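Sequence first, predicted model second:
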Amino acid sequence: MSITENTDVVVANETGAGPLFDAEEERYARAQKIEAVARWVVPMVVLSLTIWLWDRVVVWNEIPHYVLPGPGLVLSTLFEDRVTLFQSLLVTLQITFMALTVAILGGVGLAVLFTQSKFAEMSFSPFAVILQVTPIVSIAPLIFIYVESRLVGLLLCAWIVAFFPILANTTLGLKSADHNLRDLMNIYKATRWQRLRFLQLPSALPYFLGGLRIAGGLALIGAVVAEYVAGTGGIGSGLAFRILEAGYRLNIPRMFAALLLIALTGVVIFATTSLISHLALRKWHESAVKRE
Amino acid sequence: MTAHDRTIPSLGQRDPVLRIQEVDKTFNGGVVALRRLSLTVNQGDFISLLGPSGCGKSTALRLIAGLMRPTLGRILWEGGQGSDDLGVVFQEPTLMPWATVAQNVWLPFRLRGKSFNSVKDKIMEALALVGLEKFAGSYPRELSGGMKMRVSIARALVTNPRLILMDEPFAALDEITRQKLNDDLLSLKARTGATVIFVTHSVFESVFLSDRILVMAARPGRIIKEIQVDAPYPRGIEWRTSAEYARIARETSDTLHSTLEPGEAH
Ligand SMILES: Nc1ncnc2c1ncn2[C@@H]1O[C@H](COP(=O)(O)OP(=O)(O)OP(=O)(O)O)[C@@H](O)[C@H]1O
Ligand SMILES: [Mg+2]
């Protein structure tokens, strides 16, 4: 900072030991503080305004609740039907997480296999791509014909949707290890396993976590879509079935309540995977470290 | 060894570490990167490979490091090559960003299956040699470019290898940091007695550091002259400002320029 240009320089104290603040720095610090608060407050305010507007639109236009329920009615329905809805939520969550777990194991496992053996990659990657590009709604009916267990069928559908981003990202990550570090591994005569363990897997971690964030959401989508296709299921029905059922009965508030739960679940999954990603990378990866 | 061996027996008759005999390297596209490269590296040598871009300096290092095979000729390690024989410093620091400084230096041992605690003393000793013992727990991104390079040097030194290869290690650094690291490298060498092959673009760096300068020419890559630098180590500011230094720098520079545009430079 140039003293000659800044006339409003505040000199801290006579000894010169204190920090030297000038007006610009102070303004900057204030802006930072405001931004930190706004990051939370602004979305909250906008969201509240939207809900309030929704409520007003329903009241002002006297829209019947079987067309569009107000937010209050949705919440009270959520509370009244809590036992059914939360049981269904648990089922959906269970399928989502099981599918995601299998997607992680399968995606990472296949990715490792692909980088270890060109032959495996040549043999299996076409299948991975075909599975990925074929819309799940068009495969799901077949799956439910061939697979006896409803749970396994649902799992399979959710898995098909979720595993590709993990496979694709992890494969890319395993291959993008620094070439000088790869040379170093050669010079020190590292074994295949050591190369994987000490170089390729850590290099792939940020890519894998990026894939995980996508896959988490997709597993939920897969679980919901599969249940739509599976249709009526009796015991152990998830949220998608509740929506279908409520639709047949023109119970629109309950539809909204179930929808709200699904949306919340998606948000929580995204927030959790983002947090995991941040915690795993905050020490070293550019995406997670804070710069002064 | 052979008629083409250019090694002039140096004072004190050091033991050979490595013999490069009549090595040719031709790449698939037909590019002749090296032709008839012969060189005997002796224990304690500080050899600079100096030459214009594309003359095959990095190729020579990669051949010595065993990262590729010569098209013709042989590279022989005296008494065979052991697993701890090489240390390498690249132009970039080449550190693992997810590992701390100490863990990075641990890598060569780790690949030998040694636990961190069993070699902790050696790691800290290597870090002390490059003046970074206080940063053992830091991550590479918290260090400056020069400090990262020091970590890379510590990693190359930690196994006490018979030969250290350095490929333009300081090229990306500013002049002040570079001179400091040159000084440090020499005091390191004095303390460890390491044998070094050092690739550089800089005439002054090569004259300051090495006792043998191999000037190379391009197309095809070959050694055209070996210049001996007999000034004793340790070398410091006196050496950098001496008349002998200026004379050798002049000689080296002239040799180097005579390679650039054959027929035009004279
Ligand atoms: N993998 C490769 N395939 C084909 N040609 C190569 C390969 N590596 C190097 N070359 C060629 O070999 C020649 C020598 O390359 P090298 O990298 O050894 O030069 P260098 O002296 O290290 O140059 P610089 O000072 O710019 O690093 C160049 O002409 C280059 O194009
Ligand atoms: Mg090079």
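Right, received. Where do you want to start? Ligands and ions are numbered 1, 2, ... in the order given.

In contact with residue 192: list those residues for me.
Let's take chain A. residue A:116 (Cβ atoms under 8 Å, 6 or more residues apart in numbering or on different chains). The way it works is simple: take the backbone N, C-alpha and C, and place the C-beta from them, glycine included.

switch to chain B, that's the one I care about
Here residue B:192 is in contact with B:129, B:157, B:160 (criterion: Cβ under 8 Å, 6+ apart).

10 Å - rerun?
Residues counted as contacts of residue B:192 (Cβ atoms under 10 Å, 6 or more residues apart in numbering or on different chains) are B:126, B:129, B:157, B:160, B:161, B:164.

what does residue A:46 give?
By Cβ under 10 Å, 6+ apart, the contact set of residue A:46 is empty.

so how many other residues sit close to the residue of the stretch 51-200 of chain B found nearest chain A?
Scanning the stretch 51-200 of chain B for proximity to chain A using Cβ to the nearest Cβ identifies residue B:94 as nearest, at 4.1 Å. The number of residues packed near residue B:94 is 22, by other Cβ atoms under 10 Å in any protein chain shown.

quick one: which of the contacts of residue B:192 sit in helices?
Using DSSP state H, the members of the contacts of residue B:192 that fall in helices are B:126, B:129, B:157.

Out of these, which end up buried?
Buried members of the ones in helices among the contacts of residue B:192, counted by 16 or more other Cβ atoms under 10 Å in any protein chain shown: B:126, B:129, B:157.

In a markdown table: those, plus distance to ligand 1 and pLDDT.
Listed next are these as a markdown table, based on distance: Cβ to the nearest ligand atom, whole Å; pLDDT from 0 to 100:
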| residue | distance to ligand 1 | pLDDT |
| --- | --- | --- |
| B:126 | 27 | 92 |
| B:129 | 27 | 87 |
| B:157 | 23 | 90 |
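
thinking again about what came up before, now tabulate the contacts of residue B:192 in JSON lines and tack on distance to residue A:153.
Conversion of these to JSON lines gives the following (distance: Cβ to Cβ, whole Å):
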{"residue": "B:126", "distance to residue A:153": "58"}
{"residue": "B:129", "distance to residue A:153": "63"}
{"residue": "B:157", "distance to residue A:153": "60"}
{"residue": "B:160", "distance to residue A:153": "61"}
{"residue": "B:161", "distance to residue A:153": "59"}
{"residue": "B:164", "distance to residue A:153": "61"}
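
The spatially most central residue of chain B: which element?
By Cα atoms, centre = their mean, chain B has its centre lying nearest to residue B:198, at 2.4 Å. Assessed by DSSP states H and E, residue B:198 sits inside strand B:196-200.

Which strands and helices lie in contact with that strand?
Judged by 3 or more Cβ pairs under 10 Å, 6 or more residues apart in numbering or on different chains; DSSP states H and E, strand B:196-200 is in contact with strand B:32-42, strand B:46-50, helix B:57-64, strand B:86-89, strand B:163-167, helix B:175-192, helix B:203-209, strand B:212-217.

give me that answer again for 6 Å
With contacts defined as 3 or more Cβ pairs under 6 Å, 6 or more residues apart in numbering or on different chains; DSSP states H and E, strand B:196-200 has these neighbours: strand B:46-50, strand B:163-167.

Buried deepest among the ones you listed, which one?
Greatest average neighbour count among the helices and strands packed on strand B:196-200 goes to strand B:46-50 (a mean of 25), per mean count of other Cβ atoms under 10 Å in any protein chain shown.

Which secondary structure elements does that one sit against?
Here strand B:46-50 touches strand B:196-200, helix B:203-209, strand B:212-217, going by 3+ Cβ pairs under 6 Å, 6+ apart.

Okay, buried residues for the second one please.
Along helix B:203-209, these residues count as buried under the neighbour rule (16+ other Cβ under 10 Å): B:203, B:204, B:205, B:206, B:207, B:208, B:209.
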